[in-house]
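Asker: Provide a 3D model corresponding to the input given below.
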Amino acid sequence: MPAVRPAAAADLPALTALYNHYVVHTPITFDVEPFEPEQRRAWLDSHAGGRYRLLVAVDGNAIAGYASTSRWRPKAAYDTTVESTVYVRHDLVGRGIGRLLYDALFAAMADQDVLTIVAGVALPNPASIAFHERCGFRQVGVFREVGRKFDRFWDVAWLQRPCHPAHR
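Answerer: Reported below is the predicted structural model:
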């Protein structure tokens, strides 16, 4: 099983390549154009610690996946809520790397002033919904036709889980 550690600047090319696969080939992300690594520098830098983290799974010298928590909404009253994201290299999906990353990410959040973690899933994606439910999320709603990619509109399911399950 890969090792999990905080992301480093040297990971940016591999993280960008991993993400670009999903940009180009899937509706999982609503970005529509692939990125160059330097275009993702601000994203990487915004996950320096605290409530906004970026962890990578490393298998040997290769990035196998990543998970992050990011600002959900810009108003201060939302600061106790973060949005989580997990991406696994497309050729490694189904090997437990996503769960490994989420478990490490949620453990890293244990000492943060965060009450709720939310996740958005482009639909249809029953595998991602099931994965998030296994990780303690529950679906709370669906926004209909909120993203347009590949010449069609996509729905997004919203899920949430407590950051500290024992406190609920």
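Asker: longest helix of this structure?
Answerer: Longest helix in the chain, counting residues (DSSP state H): helix 12-25.
Asker: Show me what secondary structure element comes after it.
Answerer: helix 41-45 (DSSP states H and E).
Asker: Just the buried positions in that following helix, please.
Answerer: The neighbour-count check on helix 41-45 (16 or more other C-beta atoms under 10 Å) flags 43-44 as buried. Using the backbone N, CA and C atoms, a C-beta is placed for each residue, glycine as well.
Asker: packing partners for it?
Answerer: Using 3 or more C-beta pairs under 8 Å, 6 or more residues apart in numbering; DSSP states H and E, the elements in contact with helix 41-45 are helix 12-25.
Asker: so what's the closest residue to Ala9 other than its chain neighbours up against?
Answerer: Spatial nearest neighbour of Ala9, excluding adjacent residues (C-beta to C-beta, 6 or more residues apart in numbering): Leu44 at 6.8 Å. Neighbour list for Leu44: 7, 9, 11-12, 15, 54 [criterion: C-beta atoms under 8 Å, 6 or more residues apart in numbering].
Asker: partners of Tyr66 in the sheet?
Answerer: Taking DSSP bridges as the rule, Tyr66 bridges to Val56, Tyr87.
Asker: Now His21. Nearest residue, chain neighbours left out?
Answerer: Using C-beta to C-beta, 6+ apart and skipping the chain neighbours, the partner closest in space to His21 is His90 (5.1 Å).
Asker: right, and the one you found touches Asn20 too?
Answerer: No. In this structure, His90 is not within contact of Asn20 by C-beta atoms under 8 Å, at 10.6 Å.
Asker: Those two: who's more crowded?
Answerer: Asn20 (18 against 12; other C-beta atoms under 10 Å).
Asker: Can you tell me how far the more buried one is from Tyr87?
Answerer: 11 Å (C-beta to C-beta, to the nearest Å).
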